[in-house]
Structures are given as C-alpha cells and as structure tokens.
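# pasting the sequence and the predicted model now:
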Amino acid sequence: MRKYSIFLFLLFVVGTTAAQSDQEKEVQKSVKQFFAALAARDSVAMKRWATADLTLIEYGTVWNMDTLIRLDITDNTARNFNRVDRFNFLSTTVHETMALVTYRLTSYVTADGRKMDMDWIESVTLCYVDQRWKVKFIHSTLLHRSGQ
C-alpha cells in the first residue's frame, strides 16, 4: 500500500509540474505574440494581445496603448524596417488569472539602412481575458543600445 501511495504522489507531482509548464509556455507565447505584432507594426494584433488599459513604463515615462502605437508604429516611417526579438525568460509565475514574467530582451532593428541592437530587462504582468493571456503592464529598462 505504501509503494502504491508513493507512486500516486509522484504521478501527481509530475502531472502538476507538466500542467504548470504548459501554462507558463502559454503566458510566454502571449508575450512573444505581443512583441511580434509590435515588430510587424500591427496595432490591431497588438490590441489583441494586450488589455485595453495597457500600461508601459518606458524610458522613465508612462505610456498607454495609444502612446505605444503613436511612437512605435505611426511615427515609425522608416523604410525597410525590420525588428527581430530574442527572449531569455528568467521567471514565469502563474496564479489563477494573473501571471508575472521577467525576461531579458534583445532586439535587432534595421531601419533606413541603419542597424541597432538593444538589450532590455523587462517585467510583464498578464491577465487571462477572453480565453487568452493578455499583456496588462510592462516595465522596461534599457540596458544597452549600439549602432545608432
């Protein structure tokens, strides 16, 4: 009986860990989708992956979705714009309908023939809304920029 109980306990632990891992992957996927929309300069997709009250702390200022769209999409008239993001997820915590993610982000940007590499460390809060994880809050700290 004791062996059977230990086996069931281990099976439960493995099953619980796998479920958390899948949920964490979904949260991370939502963060990547949000940034893919930003890189594509697609405001409709960005809104799909963010809550209506998105708040972003960037360069010491507070932005909302309208600010982000204006500065990074509307005012971004660069020809041949390309942005590729690489994520190094440091932690992902999910609690019911809220998630907290921290990561290092490296962005490789080409615009008007110039290349820039930028490194950030960011934390993101997401909410589970309308059957998907959506970005609600981003705190972004620029660590390094090269090639301006």
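Nice, I can see it. Residues are numbered from 1 along each chain as shown.
# residue closest to the middle of the protein?
Val31 (2.5 Å; CA atoms, centre = their mean).
# was I right to think that residue contacts Tyr103?
Yes. Distance between Val31 and Tyr103: 7.4 Å, which falls inside the contact criterion (CB atoms under 8 Å). Glycine gets a C-beta too; all of them are placed from N, C-alpha and C.
# what sits in contact with each of these two?
Common neighbours of Val31 and Tyr103, using CB atoms under 8 Å, 6 or more residues apart in numbering, are 87, 124.
# which non-adjacent residue is nearest Thr67?
Beyond its immediate neighbours in the sequence, the residue positioned closest to Thr67 (CB to CB, 6 or more residues apart in numbering) is Leu56, lying 7.5 Å away.
# my error: substitute Leu71 in the last question.
Using CB to CB, 6+ apart, the nearest residue to Leu71 is Trp63, at 7.4 Å.
# and the one you found, that's in a strand?
Yes. Counting by DSSP: H, G, I helix; E, B strand; the rest coil, Trp63 falls inside a strand.
# quickly list what it is bridged to.
Beta-bridge partners of Trp63, counted by DSSP bridges, are Leu56.
# quick one, what contacts it?
Listed by CB under 8 Å, 6+ apart, the contact partners of Trp63 are 55-57, 71.
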